[in-house]
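K.L.:
Return atomic coordinates for the entry below.
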Amino acid sequence: MTREVRAFAVTVLTLAALGVAAGLLWSGLTPRAPYEVTANGTVLADPSTQALIAADGWFAVITGGLGLLCGGVAWFVGRRFMLAVLLGLCAGGVLAAMLTLWAGSTFTIGAVVVEAAAVPGAKVVPGALKLTASGVLVSWPLLAVGFFGLLEGMHGYRESPLRQPYGELPRF
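P.N.:
Numbering: from 1, shown residues only. Predicted coordinates for the structure are as follows:
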């Protein structure tokens, strides 16, 4: 029982550490939407900017790719404690996605500002990263658990005695 708990905890903590690193990567790669400083505060300088959508896309690509990687590595490494590792992938994936969002929106690394069609002489500043499509938060746990299940299903089918129809002898 303690080994299963340890496998679960190691999986969750590993994904959490990867989540912080993914947030810093997301912060470094994603272009920032331009905001114009006015007397009433900051407003979006260019309402037709694609930077807000790009932030969602980069988040999905980074967390989805890491989800696939984590699902594959977890299947190969965690063969002895499948259920604990699978539950760790699910819980750790959710935690990692939340930490990616937190780290990416808190720390500004390599802020690339998109050109704005603002009034000449107006002060334009880069905005903070945020997600406009909150559904991309599930890309890490969904792809990690899905790829883990796909690998296990393929392995289970290959090893299944049900593959030999009607009691035939196994072919070598």
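K.L.:
Okay, now the unreliable bits of this structure?
P.N.:
Within the chain, the ranges that satisfy pLDDT under 70 run 47-48, 110-121, 162-172.
K.L.:
How about the secondary structure of the closest residue to Thr38 other than its chain neighbours?
P.N.:
Nearest residue to Thr38 in three dimensions, chain neighbours excluded: Ala122, at 8.0 Å (CB to CB, 6 or more residues apart in numbering). The C-beta positions use only the backbone N, C-alpha and C, and glycine is treated the same way. Assigned with DSSP: H, G, I helix; E, B strand; the rest coil, Ala122 falls in the coil class.
K.L.:
For Ala122, give me its contacts.
P.N.:
Glu36, Val37, Thr38, Ala45 (CB atoms under 8 Å, 6 or more residues apart in numbering).
K.L.:
Drop anything exposed from the residues you listed.
P.N.:
Glu36, Ala45 (16 or more other CB atoms under 10 Å).
K.L.:
Please list the members of the contacts of Ala122 that lie in helices.
P.N.:
Among the contacts of Ala122, no member is found in helices (DSSP state H).
K.L.:
Just the contacts of Ala122: which are in strands?
P.N.:
If you go by DSSP state E, the contacts of Ala122 have Glu36, Val37, Thr38 in strands.
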